[in-house]
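Peer 1: Give the three-dimensional model of this entry:
(2 chains)
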Amino acid sequence: KAGVTQTPRYLIKTRGQQVTLSCSPISGHRSVSWYQQTPGQGLQFLFEYFSETQRNKGNFPGRFSGRQFSNSRSEMNVSTLELGDSALYLCASSPTGLSGANVLTFGAGSRLTVL
Amino acid sequence: AQSVTQPDIHITVSEGASLELRCNYSYGATPYLFWYVQSPGQGLQLLLKYFSGDTLVQGIKGFEAEFKRSQSSFNLRKPSVHWSDAAEYFCAVGAPGGYQKVTFGTGTKLQVIP
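Peer 2: Okay, the predicted model is just below:
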């Protein structure tokens, strides 16, 4: 079974630009969560999608947005990039059902550097 | 709101020595508890999880963790550490009910010396 795939793995942007990151979950997983990881703040929850609906949202400004497609693939977008947005962005997928609840399988991440 | 505290930012142990990483959580009921490991430049890998039942759970790579409700703790242990265990370890708490808002601790970086 293929794992969680995130693209691109590395990218460099300049302040003011926007970026879109992609995540393909494990086949059959319908929940996709996004996290931002930085040395100072650790892992912070961005949002979670299930069946194309955002169910949970973390405490991030509106510049951070996401969506999920009918095939469960997800994208997140950051507009008007700031230096502080430099981070490793991690996507995680999870199966449906109580037994699979909250068991996150992570991708390798997308490393964003903002100059 | 749920929260997780990992009091040790960095731990150094000798290869072959035992290991215990501390984790305390805050949640109104019995939460779902997890330990993940992250190697440099990689995503997180699940080591073990606790949902209910036996409070001592076994995970991969020889790790185990014990849920202690009275202490709100979920400490990770390994009897004999290998050099390949050097990584960063994250404790996490999730809310039962299926919604995927999992909160992570700040992590403990493990260094293994020969």
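Peer 1: Confidence-wise, which helix or strand of the chain is lowest on average?
Peer 2: Since no chain was named, I'll use chain A. Least confident helix or strand of chain A, by mean pLDDT, DSSP states H and E, is strand A:53-57 with a mean of 89.
Peer 1: meant chain B actually
Peer 2: Min over SSEs of chain B, mean pLDDT, DSSP H and E: strand B:102-104 (a mean of 89).
Peer 1: Quick one: name whatever helix or strand follows that one.
Peer 2: Reading on from strand B:102-104 to the C-terminus, the next helix or strand found by DSSP states H and E is strand B:108-113.
Peer 1: got the contact list for residue 114?
Peer 2: Assuming you mean chain A. Contact analysis of residue A:114 by C-beta atoms under 8 Å, 6 or more residues apart in numbering or on different chains lists A:12, A:13, A:14, A:15, A:81, A:82, A:83, A:84, A:85, A:86. From N, CA and C alone the C-beta is placed, and that goes for glycine too.
Peer 1: Switch to chain B, please.
Peer 2: B:14, B:15, B:83.
Peer 1: Reformat those as JSON lines; add secondary structure, neighbour count and distance to chain A.
Peer 2: As requested, the contacts of residue B:114 are arranged in JSON lines below (DSSP: H, G, I helix; E, B strand; the rest coil; neighbours: other C-beta atoms under 10 Å in any protein chain shown; distance: C-beta to the nearest C-beta, whole Å):
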{"residue": "B:14", "secondary structure": "strand", "neighbour count": "10", "distance to chain A": "26"}
{"residue": "B:15", "secondary structure": "coil", "neighbour count": "14", "distance to chain A": "26"}
{"residue": "B:83", "secondary structure": "helix", "neighbour count": "11", "distance to chain A": "22"}
